[in-house]
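J.: give me the fold of what follows.
(2 chains)
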Amino acid sequence: MSSISIRKIRKSFAGLTVLDSVDMEIESGEFVVILGPSGCGKSTLLGVVAGLEESESGQIVIDGVDVSGREPSQRGLAMVFQSYALFPAMTVRRNLSFGMQIAGASKAEIEAKVAWVAKLLQIEALLERKPGQLSGGQRQRVAIGRALVRSSSICLFDEPLSNLDAKLRAETRVELKQLHETLRSTMIYVTHDQIEAMTMADRVAVMHKGRVEQFAPPQFIYEKPASLFVAGFVGSPAMNFVDGRLDEAGRFQVGDIAIDTSAYAFEAPPAPGEAVLGIRCEDVEVVGCETPESIPGTLAFVELLGADALGWFDCLGRRFSVRLTVEAARSMERKVGLRFDMAKASFFSATTERRL
Amino acid sequence: MSRTLAGGKAAFGKRAGRFGLYAFLIVSAIFFLLPLLLIIGNSLKSMEEIRQGNLLALPLAPTFDAWVTAWKSACTGLECGGVRPGLWNSIKIAVPSVAISTLAGALNGYALAQWKSPRANLIMLLVTIGLFIPYQAMLYPTVKILSSMGLFRTYAGIVFVHVIYGLPYTTLLFRNFYIGVPDEISCAARMEGASFLRTFWSVILPISTNILVVVAILQFTGIWNDYLLGLIFAGNDNLPMTVQLTNIVNNARGSASPNVNMAAALITAIPPLIVYFLSGRYFVRGIAAGAVKG
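T.: Numbers count the residues shown, from 1 in each chain, chains lettered A, B, ... in the order given. The predicted structure is shown next:
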């Protein structure tokens, strides 16, 4: 099995920093998702790990061996590309066996491996076809097959599902996860889709502007985002933010309203100053408008989502999303009070944007 | 009622438009075909008929005598062997020149398309400039270089010159084609452990059929129709068909025989036509692919 250490990787294109000292320790057999908006450097980082792109400084260490200067094929890893990148002029069988042939594997060995992968991914019927004769989902399977056929202990995925339609994407997501359970190989998976990250990953690295903002299990990232960016990027609808001020008594002041923060677990005793309160839509409670300890709000509109509903309220000078049951949403008054569950809220420094 | 009238008018206008279009196309076709018809017609006449008759008239008694003369007994200077020896010379020159310049251009183009750096763009610019320099301006230096290499007026020399002069063109065409091939395919081959040359040979060349055919046809016609380079660099033993054709036409001895000249010109033009007919399908496809991908 294979562990990967990414150490202080730096890279820039024409004066623009793409990767800014990226560090990551990936354990053997782990499924790591690198999540971020387009342009955050996540695909470049994958390219550096693969050896397809050079970094300016830093090291890639696989199983304790520094592979930074090595060719991709010398690193013992396989990769699935966004566009699948199958070899158009070769049959599926040739696509699968090409790498082994170059590596000088025996004919019997190649045949056994191809048969194994074809069975695993249920592409036996496609072996004699060319990529042009396959559907998107089938190409995708072949691309995964090509990555698996040489039994590399590390598999890299560069947004492999982004060209599939929604239904197929959901199915393939589950299959990939199962594949990982079966093979237990180390997988690094790049995506901008947070559902993929939340459902598949053992750990998620959220990247922003060439830096890793947070590297933690997905549920932890959702509950305790390490920075304002992570809080805003992960979760749908986006977290509600309120700009305000922490005073000496530890209360959070917005205009003339003071919110008690005693239920919140600060990372360190907070210093008074500008801060941002973040609260997820399911951590807000709607109460009667005269209820003590509640903040007055006005219902703007309701979105019915089927299983539940989202209420949008004007409160504290901005618009809040609140998750409601369908019944509650149907009988909602216009004037209400909102109460925040401070144990599940997040506070961020307005200057450093880190979690307080 | 008024509706049908209006419909009828529109149909009439459409038909008139069609008629005008076809009339124009037919006239254009005749205009462009006329010289060809003329040259074919006259190559089939005997000398007497040409002397008496009108150049535009159709042959009264078609005969292939002029073709036979042009093929094997017309005088090309001191020798009188027709264009036949030139045919073999031209094939001998064109085939390796086309093959080498096309394959080398493909390799160059692929390398330049893969190489993402300002330096690659500079090289591409230089290559493009190479396209715009007329042969005449480069003749003297080329003669000097080939002489110093001992290749001037030799078979290897003329092939070498055609390859070198063809490279900017083939490189440019292939580079523009390969720019449109997704990078990920090359990356995938690299991940599989394929070297640059192996990737080029096993993955890239097999998807280049259309552009290979286009470039090979363009190169073949260009090299086949070349006169200047053949005259200067081929040497007396390897003079291509075009040079011998000119010699027949310009032959000072004896009276001018237009029927033989025309037959010789047609014989010289046949090989590129055959190539076009055999590969036209790929040619159109390749041109279209190039057009879409810019």
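J.: rest of the way, CA atoms for contacts and neighbours
T.: Noted.
J.: I'd say A:Leu96 and A:Arg146 touch.
T.: Yes - look at A:Leu96 against A:Arg146 with CA atoms under 8 Å: they come within range, at 4.8 Å.
J.: just for chain A, where's the confidence low?
T.: In the predicted model, chain A carries pLDDT under 70 at residues A:1.
J.: give me every residue in it lying close to chain B.
T.: Within chain A, the positions near chain B by CA under 8 Å from any CA of the partner chain are A:50, A:52, A:72-74, A:77-79, A:81, A:83-90, A:98-100, A:102-103.
J.: one more time with 6 Å, if that's ok
T.: Contact residues, chain A versus chain B (CA under 6 Å from any CA of the partner chain): A:72-73, A:85, A:89, A:99.
J.: quick one: the strands in the stretch 51-200 of chain A, in order.
T.: Applying DSSP state E, counting those that start in this stretch to the stretch 51-200 of chain A gives strands spanning A:57-62, A:65-66, A:77-80, A:154-158, A:186-191.
J.: apologies, that question was intended for the stretch 1-150 of chain B.
T.: Using DSSP E, counting those that start in this stretch, strands in the stretch 1-150 of chain B do not occur.
J.: just the stretch 251-356 of chain A next, same as before
T.: Under the criterion DSSP E, counting those that start in this stretch, the stretch 251-356 of chain A contains strands at A:251-254, A:257-260, A:273-279, A:284-287, A:295-304, A:309-315, A:318-324, A:335-340, A:346-349.
J.: out of those, nearest to B:Leu122?
T.: Nearest of the strands of the stretch 251-356 of chain A to B:Leu122, taken as CA to CA: strand A:346-349 at 49.2 Å.
J.: on contacts alone, who are the packing partners of that closest one?
T.: If contacts are counted by 3 or more CA pairs under 6 Å, 6 or more residues apart in numbering or on different chains; DSSP states H and E, strand A:346-349 sits against strand A:273-279.
J.: can you give me the buried ones in the strand it packs on?
T.: Using 16 or more other CA atoms under 10 Å in any protein chain shown as the test for burial, strand A:273-279 gives A:274-279.
J.: what helices and strands are in contact with it?
T.: On a contact count with 3+ CA pairs under 6 Å, 6+ apart, strand A:273-279 meets strand A:240-246, strand A:346-349.
J.: can you dump the C-alpha atoms of the first one in CSV for me?
T.: Provided in CSV are the C-alpha atoms of strand A:240-246 (Å, rounded to 0.1, in the frame of the first residue of the first chain):
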residue,chain,number,x,y,z
ASN,A,240,-25.7,32.5,6.7
PHE,A,241,-23.2,35.1,7.7
VAL,A,242,-23.7,38.1,9.9
ASP,A,243,-21.0,40.8,10.3
GLY,A,244,-20.7,42.2,13.9
ARG,A,245,-18.5,42.7,16.8
LEU,A,246,-17.4,40.6,19.8
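J.: the chain: helices as residue ranges?
T.: Using chain A. Along chain A, the segments classed as helices by DSSP state H run A:42-50, A:92-102, A:107-121, A:136-148, A:166-183, A:194-200, A:218-223, A:228-233, A:326-330.
J.: that's the wrong chain, I wanted chain B
T.: So, for chain B - with DSSP H - the helices run B:2-43, B:47-52, B:65-72, B:84-114, B:118-132, B:135-149, B:155-179, B:183-191, B:196-199, B:209-225, B:228-233, B:241-250, B:258-293.
J.: wait, which of those helices is closest to A:Ala268?
T.: helix B:183-191 (46.6 Å).
J.: one step back: can you lay out the helices of chain B as TSV showing distance to A:Cys315, mean neighbour count and mean pLDDT?
T.: Output for the helices of chain B, formatted as TSV (distance: least, CA to CA, whole Å; neighbours: other CA atoms under 10 Å in any protein chain shown; pLDDT from 0 to 100):
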stretch	distance to A:Cys315	mean neighbour count	mean pLDDT
helix B:2-43	63	13	83
helix B:47-52	103	13	83
helix B:65-72	97	20	87
helix B:84-114	55	21	94
helix B:118-132	54	13	89
helix B:135-149	79	13	92
helix B:155-179	54	22	94
helix B:183-191	49	21	92
helix B:196-199	61	15	95
helix B:209-225	64	22	91
helix B:228-233	84	20	92
helix B:241-250	89	22	88
helix B:258-293	53	17	78
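J.: with respect to chain A, which of those lies nearest?
T.: Between chain A and those, the tightest spacing by CA to the nearest CA is seen for helix B:183-191, at 4.6 Å.
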